[in-house]
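**Student:** here are the coordinates; sequence isn't available:
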């Protein structure tokens with residue numbers, strides 16, 4: 001069994017004062033584990049889940065605080081859990097770290113549609129609370145003709161008052177695609193982020209959390225205390 005030797009991350013919530021309805025959009029395409037090291041010293045999929053667990057730990061989680069839902073996508077797209085499924089950070093972290101890997105092609109537009117209709121449009125979404133979507137992906141939509149529909153679906157999310165944060169991992173990421181999916185001002189390290197590899201996610205974790213807090217708070221709040229990653 002493949003395991004991670006580059007985590008886990010550690011963070012003690014709350015780090016961010018934001019109160020949001022957060023939907024995670026998690027890439028589970030085949031290329032993630034196809035690019036695992038030959039020596040099986042770590043598993044990119046597990047590293048991704050650990051990273052998302054860290055992000056969740058940066059928020060104050062609860063039924064009257066931040067709520068979290070998750071959509072997992074490859075060719076198949078699944079609402080893994082809705083915004084009102086779990087009410088504690090420990091339960092959400094356990095749910096994230098237990099998500100099954102799919103390993104197919106990359107149906108990004110369908111994932112964004114399901115996020116809008118089933119995560120934000122489903123149970124648990126609060127009309128008086130800001131909506132935040134964070135997508136993590138290791139490449140571009142596949143087949144390539146899904147790129148423009150994905151950008152259009154991201155725009156549909158933004159048009160429904162969802163703040164979009166895009167995180168790209170590996171050197172095959174198209175920065176312009178990440179930029180097009182993210183919310184204004186569409187600046188790197190503010191609304192979209194790039195990590196050279198899944199092992200490098202530890203290096204950008206603090207920046208992502210701080211940028212996410214600023215994006216949903218209109219640049220009036222920051223995260224505290226500094227997020228630390230342990231190896």
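**Tutor:** The structure has been received and is ready for your questions. Everything numeric here is computed off the predicted structure, so don't read it as measured data.

**Student:** A strand includes residue 149, no?
**Tutor:** No. According to DSSP: H, G, I helix; E, B strand; the rest coil, the state of residue 149 is helix, so it is not within a strand.

**Student:** tell me the contacts of it?
**Tutor:** By C-beta atoms under 8 Å, 6 or more residues apart in numbering, the contact list for residue 149 reads 109, 141. Every residue, glycine included, has its C-beta placed from N, CA and C.

**Student:** packing partners of the helix ranked longest in the chain?
**Tutor:** Using DSSP state H to define each element, the chain has its longest helix at helix 201-216. Counting contacts by 3 or more C-beta pairs under 8 Å, 6 or more residues apart in numbering; DSSP states H and E, helix 201-216 packs against helix 44-57, strand 130-137, strand 162-169, strand 192-195.

**Student:** and after the first one, which helix or strand comes next?
**Tutor:** The reference is to helix 44-57. Next in sequence after helix 44-57, counting helices and strands by DSSP states H and E, comes strand 67-73.

**Student:** in three-state terms, label residue 126 for me.
**Tutor:** Recorded secondary structure, residue 126: coil (three-state DSSP).

**Student:** pipe the helices and strands packed on helix 201-216 into JSON lines and attach distance to residue 143, mean neighbour count and mean pLDDT per row.
**Tutor:** Shown next, in JSON lines, are the helices and strands packed on helix 201-216 (distance: least, C-beta to C-beta, whole Å; neighbours: other C-beta atoms under 10 Å; pLDDT from 0 to 100):
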{"stretch": "helix 44-57", "distance to residue 143": "22", "mean neighbour count": "24", "mean pLDDT": "94"}
{"stretch": "strand 130-137", "distance to residue 143": "15", "mean neighbour count": "24", "mean pLDDT": "96"}
{"stretch": "strand 162-169", "distance to residue 143": "19", "mean neighbour count": "25", "mean pLDDT": "96"}
{"stretch": "strand 192-195", "distance to residue 143": "23", "mean neighbour count": "22", "mean pLDDT": "95"}
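
**Student:** what's the closest of those to residue 98?
**Tutor:** Nearest of the helices and strands packed on helix 201-216 to residue 98, taken as C-beta to C-beta: helix 44-57 at 8.5 Å.

**Student:** residue furthest from the geometric center of this protein?
**Tutor:** Relative to the centre of the chain, the most outlying C-alpha is that of residue 39, 27.3 Å out, by C-alpha atoms, centre = their mean.

**Student:** can you pull the contacts of that residue?
**Tutor:** If you count contacts by C-beta under 8 Å, 6+ apart, residue 39 has none.

**Student:** pLDDT value on it, please?
**Tutor:** We note a pLDDT of 92 for residue 39 in this prediction.

**Student:** surely it forms part of a helix?
**Tutor:** No. Under three-state DSSP, residue 39 falls outside any helix and is assigned coil.

**Student:** nearest spatial neighbour of residue 156, skipping sequence neighbours?
**Tutor:** Sequence neighbours aside, residue 116 is the residue nearest to residue 156 in space, at 6.1 Å (criterion: C-beta to C-beta, 6 or more residues apart in numbering).
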